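Student: Using only what follows, build the 3D model:
(one chain, ligands or ions: 1)
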Amino acid sequence: MKIAIMGAMREEIEPILAALGNYTIEKYAGNIYYHAEYAGHELIIAYSKIGKVFSAITATIMLERYGAKALLFSGVAGGISKDLKIGDLIMASALCQHDVDITAFGHPEGFIPESFVMIESDEDMRSLASEIAVDMGVDLYEGIIATGDQFVASSERKEWIEKTFNADALEMEGTSVACVCQNFGVPFFILRAISDAADGDAGMDFDTFLKSSAQVSAKFILEMVKRI
Ligand SMILES: CCCCCCN(CO)Cc1c[nH]c2c(N)ncnc12
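Tutor: Below you'll find the model as predicted:
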């Protein structure tokens, strides 16, 4: 099967490419797409650049141009839930956009007409991931991931997102990728390893833990590909 593996930053897919060894590359529409074979599957790998716009473009290309039949996202996130510490894995059960606001018309935060606040991720891939976590002996948290075009580095903003969306983690691409996949009817799986707590220390912690947390997520995603 043709499987898309996406990250937002180069550091998020580098561990994947390193594990694959050889691949071909194609530049297209502002991204570099890496093609490889792994565990009997064809992989198409790319990092989008940060944010909802760029990640929506890359996800669309992966499905429309390269014909991916499933999309796995590997990356890092800011932790909200107190159960999440740096390096922990969380898969999205559902995702929302915390910076969408047309409340002036009486709509709830994060709501867009003819759409929904929450996008549910693929259950089959989530249950496969739970099995893999047991086999790997790693903790895999499942929860709501909030997406917005801002790096959250303040407890006040983090607490508003938690209160408003009951979110467990936050980042800048998951919900846009989920929205693309849902519109195309392609199953998606969003996995993040925590790099910071989205508080006053977030910037420093992110710089310190980006690489190691990206590695944790990438390793798990490659296990997923083997078992999908
Ligand atoms: C140049 C620095 C770019 C950081 C991009 C961070 N990604 C966005 O997906 C994940 C992420 C980790 N921690 C975060 C936080 N506290 N707020 C938003 N997003 C995140």
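Student: How confident was the prediction at the residue of the chain found nearest the ligand?
Tutor: Nearest residue of the chain to the ligand: Gly78, at 2.8 Å (CB to the nearest ligand atom). Any C-beta I mention is one placed from the backbone N, CA and C, and that applies to glycine too. Gly78 carries a pLDDT score of 98 in this model.
Student: quick one: what helix or strand has it in it?
Tutor: Secondary structure from DSSP states H and E places Gly78 in strand 70-79.
Student: same deal with Asp199?
Tutor: Counting by DSSP H and E, Asp199 is part of no helix or strand.
Student: and the longest helix anywhere in the chain, how far out from the chain's middle?
Tutor: Using DSSP state H to define each element, the chain has its longest helix at helix 202-227. Distance of helix 202-227 from its chain centroid, counting by CA atoms, centre = their mean, to the nearest Å, is 11 Å.
Student: Could you do stretch 190-206 as well?
Tutor: Using CA atoms, centre = their mean, the offset of stretch 190-206 from its chain centre is 14 Å.
Student: Is any residue of it near the ligand?
Tutor: Yes - Stretch 190-206 reaches the ligand (CB under 6 Å from any ligand atom) through Ser195, Asp196, Ala198, Ala202, Phe206.
Student: Now that stretch - C-alpha only, PDB.
Tutor: Extracted in PDB, the C-alpha atoms of stretch 190-206 (Å, rounded to 0.1, in the frame of the first residue of the first chain):
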ATOM      1  CA  ILE A 190      -1.600  11.800  14.100                       C
ATOM      2  CA  LEU A 191       1.200  11.000  16.500                       C
ATOM      3  CA  ARG A 192       3.200  13.500  18.600                       C
ATOM      4  CA  ALA A 193       5.900  13.200  21.200                       C
ATOM      5  CA  ILE A 194       5.900  16.000  23.800                       C
ATOM      6  CA  SER A 195       8.700  18.500  23.500                       C
ATOM      7  CA  ASP A 196       7.600  21.100  26.000                       C
ATOM      8  CA  ALA A 197       4.700  22.100  28.200                       C
ATOM      9  CA  ALA A 198       3.400  25.100  26.100                       C
ATOM     10  CA  ASP A 199       4.200  27.400  29.100                       C
ATOM     11  CA  GLY A 200       6.800  30.100  29.800                       C
ATOM     12  CA  ASP A 201       9.700  27.500  29.300                       C
ATOM     13  CA  ALA A 202       8.300  26.200  26.000                       C
ATOM     14  CA  GLY A 203      10.800  27.900  23.700                       C
ATOM     15  CA  MET A 204      13.800  26.600  25.600                       C
ATOM     16  CA  ASP A 205      12.400  23.100  26.200                       C
ATOM     17  CA  PHE A 206      11.400  22.900  22.500                       C
END
